[in-house]
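Novice: quick one, fold the following:
(chains A and B)
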Amino acid sequence: MDKEIRKFNTILETELVVKLEETRDQFIIFIMESYDIDLTVTSPKSKSDPQLYRDDFEERLMEFEYFERLGNKLKFKIPTMDTFDFRGKLGIVKHILEGTVGIYVEVSAEDYEKMFGKKIYTRDPLDATVPKKELIYIMRYNSVVRAAEINTFNSNKYLVIYPFSNTPPFILFEQGAEFVEDKMDMLVDGATKDTVKTYKKTT
Amino acid sequence: MSYEMKNLRKEDISLYFYLKNNVLMDFIEKEDNIYLEQIDSVSCSEVGYVYTALTDMIPSPTDRGRGWVYLDVCSDTTTVCNLDSSGNELVSYPTSSGIKEQSNRVIVYDVNGVVIDENEYMVDYIDGRIVTSGTVTPVSIDYYFNYISLVDEWAAIEAADPPVVVIDVMGTDKGGYQLGGGKRVVRKVDIHVFASDTAERNDIVETIYDGLYLKSCPLYDFVDGSVLEYDGTWYGRKGNMNKLETLFNPGYVGGYCGNRCNLQFENVTTRHISLPLIMTQSRDEVMLSDLNAYRSKISFDMVSYTSG
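Specialist: Coordinates of the predicted model:
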């Protein structure tokens, strides 16, 4: 009897893993679709384009450890803002997803030097692959910066507004969690039925 | 066609009311002996004489989401309480008849430093103004104000200096909860905290978390609207200068849960938001504002039951 239960459990686990893997793949597609819809920049001048990091984000999404084995239990996890690996250049995506308060502009080191007559304060860039000359800095568009922009470039539209200025957080992973939750009941039902069928065939 | 506020709006306002007047009661500051200046451009005998408080307090007490405090508290507690003009606590009618406008949170003085009777003027709690009919001449004022700006839209965050707290009811999930009629309504709520420094952020987050964890708040009906009128004065005060006759009764939503329904807070979680920011020493050239630097988010489910 114990042997039969173990056999049934093994089949059930195999079925569940297959179905969970399918769900994981659907989850990744869902997240990437949301990414493409939500994180789109319409300003052609802006250099803060999340689409530049799309492939890296997708790759990191695939690398995420969705399964965790705890003794005889199998835990299915999906990434959250806390558990997803945003290290490196994906820090830019994290920054966008968390939402930003205030109006900001994209400033290059060269423009900064022209405006303020001194070198910009720098630290390691979020995206180390970008050449130093191409780097942009997100600066608060306050009265000092506005005045410097007009004085230096004779225009109040020279600097490009950071497209995610004053934008609330994007609930990408929360939507993904709901997507998975909605599928869970059906997934377990389906796995159980398939297991029963398979078990009957093998006995 | 008659129009009644929908449940989502009632729940949103009830949560706002609970946070502002219960949970965040510790974050109230006082300003003493502030001069009042008459605003000639809006003063006349028909509408009244308007005086504004000349304060240089930062954050401004009249920033969006702040305002002067319009409810009294009982002694040694942070519970909303009714007081008479002598400061005696009135515990007999706070919920059955309504809530009384504060009596000891805004004190107005004349030129001799004598307290002006509270029924002689109206208070605009949002803009920090005193409105009289001309029978008295206010000269200075003591008042309490809400230190934390509490707003319900992201776009309003920048309208006030930190600390700012934003309520964001971001989703709804309705489902059955019993055989027969009725629904269990779950609202997904995020509360975003924007503070001036780490210590302040931690204090605010802990206070809000404790105010929600394993707790609930009344679901008010607000049949007569909110506590304050559009112009910042107490509900009904323009038509009646007697505070004891202008009690505000929010009413309760009843139904399946009896006479008074509650909003239950479940799955309360909090996390700090650390963004990759650069801040230079000069505030003028700051790369990202400090408003984005000391952030936190409190997420929870707000649960209620309806018969519909």
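Novice: nearest spatial neighbour of residue 137, skipping sequence neighbours?
Specialist: Reading this off chain A. Distances taken as C-beta to C-beta, 6 or more residues apart in numbering or on different chains place A:Val107 nearest to A:Tyr137, at 4.9 Å, with adjacent residues excluded. Placement of C-beta: from N, CA and C, glycine included.
Novice: hmm, no, I was thinking of chain B.
Specialist: B:Asp110 (6.2 Å).
Novice: who touches the one you found in this structure?
Specialist: B:Ile116, B:Val136, B:Thr137, B:Pro138, B:Val139 (C-beta atoms under 8 Å, 6 or more residues apart in numbering or on different chains).
Novice: mind listing what A:Val180 touches?
Specialist: A:Thr23, A:Phe27, A:Ile78.
Novice: nearest to B:Val205, of the contacts of B:Asp110?
Specialist: The closest of those to B:Val205 turns out to be B:Pro138 (C-beta to C-beta; 38.7 Å).
Novice: the closest one: what's it in contact with?
Specialist: B:Leu36, B:Tyr51, B:Val108, B:Tyr109, B:Asp110, B:Ile116, B:Tyr121, B:Ile130, B:Thr132.
Novice: tell me which element it is part of?
Specialist: Assigned by DSSP states H and E, B:Pro138 falls within no helix or strand.
Novice: again, but for A:Gly91
Specialist: In this assignment (DSSP H and E), A:Gly91 forms part of helix A:91-97.
Novice: again with A:Thr40
Specialist: Using DSSP H and E, A:Thr40 sits in no helix or strand.
Novice: got the phi/psi numbers for the closest residue to it other than its chain neighbours?
Specialist: Spatial nearest neighbour of A:Thr40, excluding adjacent residues (C-beta to C-beta, 6+ apart): A:Gln51 at 7.3 Å. Phi and psi for A:Gln51, reported as degrees, to the nearest 10, are phi -60, psi -20.
Novice: tell me, what's the model's pLDDT at A:Gln51?
Specialist: If you check A:Gln51, the pLDDT there is 89.
Novice: ok, for A:Leu159, nearest residue in space, not its chain neighbours?
Specialist: A:Val105 (4.0 Å).
Novice: residues touching that neighbour, list them.
Specialist: Listed by C-beta under 8 Å, 6+ apart, the contact partners of A:Val105 are A:Ile138, A:Met139, A:Tyr141, A:Val145, A:Glu149, A:Leu159, A:Val160, A:Ile161, A:Tyr162.
Novice: also A:Gly190?
Specialist: A:Gly190 sits in contact with A:Lys19, where contact means C-beta under 8 Å, 6+ apart.
Novice: please, which helix or strand holds it?
Specialist: Here A:Gly190 is assigned to helix A:172-202, by DSSP H and E.
Novice: how far away is B:Asp231 from B:Met241?
Specialist: The gap separating B:Asp231 from B:Met241 is 15 Å, by C-beta to C-beta, to the nearest Å.
Novice: please apply the same query to A:Tyr199.
Specialist: 81 Å.
Novice: how about B:Ser140?
Specialist: To B:Met241, B:Ser140 is 21 Å away according to C-beta to C-beta.
Novice: could you do B:Glu158 as well?
Specialist: 37 Å.
Novice: which of the contacts of A:Val180 sits closest to chain B?
Specialist: A:Ile78 (15.7 Å; C-beta to the nearest C-beta).
Novice: that closest one falls within a strand, correct?
Specialist: No: assessed by DSSP: H, G, I helix; E, B strand; the rest coil, A:Ile78 does not belong to a strand; its assignment is coil.
Novice: so it sits against A:Phe173, correct?
Specialist: Yes: if you go by C-beta atoms under 8 Å, A:Ile78 and A:Phe173 touch, sitting 7.2 Å apart.
Novice: could you pull out the strands for chain A?
Specialist: A:67-70, A:73-76, A:104-108, A:136-140, A:160-161 (DSSP state E).
Novice: who does B:Arg295 form a beta bridge with?
Specialist: B:Phe194, B:Ile273 (DSSP bridges).
Novice: what is the neighbour count of it?
Specialist: Neighbour count of B:Arg295, defined by other C-beta atoms under 10 Å in any protein chain shown: 22.
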